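Participant: Sequence plus predicted model, see below.
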Amino acid sequence: MTKVKNDLFDYKNMYIYQNEEDFKFSLDSVLLSEYVNLNPRIHNILDFCTGNAPVPLILSTKTSANIVGFEIQKEIYELGIDSVLLNKKEKQIKLINDNIKNIQKYYSKNYFDVITCNPPYFKVNETSIVNGNKKLSIARHEIELVLEDIFVLSSQYLKDNGVLYMVHRSERIDEMFILANKYGMNIKNMQLIATNDDMKPYLVLIKCVKNSKFGVKISPTLNINGLKTYQNIFGGVK
């Protein structure tokens, strides 16, 4: 594994270790971090599929809340640990090398105020083309965690009125609405992301609130093509 130290985009004096050969975090994690609404009442944040910890690191620049990240792959988890130590965030950020589906070993239900998730996007079936690199396959395909798992676990481990923020592929919006309603995690805001004005949105960010009333706000599609920074791009509209 070739470990390299990179700037964490344009977050001042923040750095992240990456694996140039097998794993680098994506812009999706930055968009997800910026989409999260934070306030002083938030004390405990949980990040599913944390990778090398870009979401916890970015959130730590915006809140003093405790942040926990779960990462199943040991080598990627170790990059996250090194990144947390590099940024001197070990008192605020705790990383756990385990499948998020084993969370009951570490935390009681109804514990977290906010959950964030940049999950594997692609289903696995008999026609799936899965990357031969195991680390990339687990990160990109629903091998260890499927979309329904995210809603089940969020409904269990969020406090009442706790919030799930997730980024995903836009073509799976219909599934997200069905699963959110099934598990009492109603979608309250939906933000579509495009890279050109003449292209259809390829990503969606959703905000779900546990045991909330029905009613969703759909924000105007955001074109991120050519942006020089992603900080504060949502302007508190969520």
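Facilitator: Yes, it's here. Note that the coordinates shown come from a computational prediction; the quantities given were computed from them, not determined experimentally.

Participant: in a helix, that's where residue 11 is, yeah?
Facilitator: No - under the criterion used here (DSSP: H, G, I helix; E, B strand; the rest coil), residue 11 is coil, not part of a helix.

Participant: For residue 9, see how far away the closest residue to it other than its chain neighbours is.
Facilitator: Excluding the flanking residues, the one nearest residue 11 by C-beta to C-beta, 6 or more residues apart in numbering is residue 61, at 5.7 Å. For the C-beta atoms, the positions are set from N, CA and C on the backbone; glycine is no exception. To residue 9, residue 61 is 11 Å away according to C-beta to C-beta, to the nearest Å.

Participant: just residue 160 next, same as before
Facilitator: 34 Å.

Participant: Same check on residue 102?
Facilitator: Computed with C-beta to C-beta, the distance linking residue 102 and residue 9 is 31 Å.

Participant: The two: who's more crowded?
Facilitator: Applying other C-beta atoms under 10 Å to residue 102 and residue 9 shows that residue 9 carries more neighbours, namely 17 against 11.

Participant: Might one say that the residue nearest to residue 11 is in contact with residue 14?
Facilitator: Yes - judged on C-beta atoms under 8 Å, residue 61 makes contact with residue 14 at a distance of 6.6 Å.

Participant: neighbour count winner among the two?
Facilitator: residue 14 (18 against 15).

Participant: Around the nearest residue to that one once chain neighbours are set aside, count how many other residues there are.
Facilitator: Using C-beta to C-beta, 6+ apart and skipping residues adjacent in sequence, the residue nearest residue 14 is residue 8, 3.9 Å away. Per other C-beta under 10 Å, the neighbour tally for residue 8 reads 20.

Participant: Looking at residue 8 now. What's its pLDDT?
Facilitator: On the pLDDT scale, residue 8 is placed at 94.
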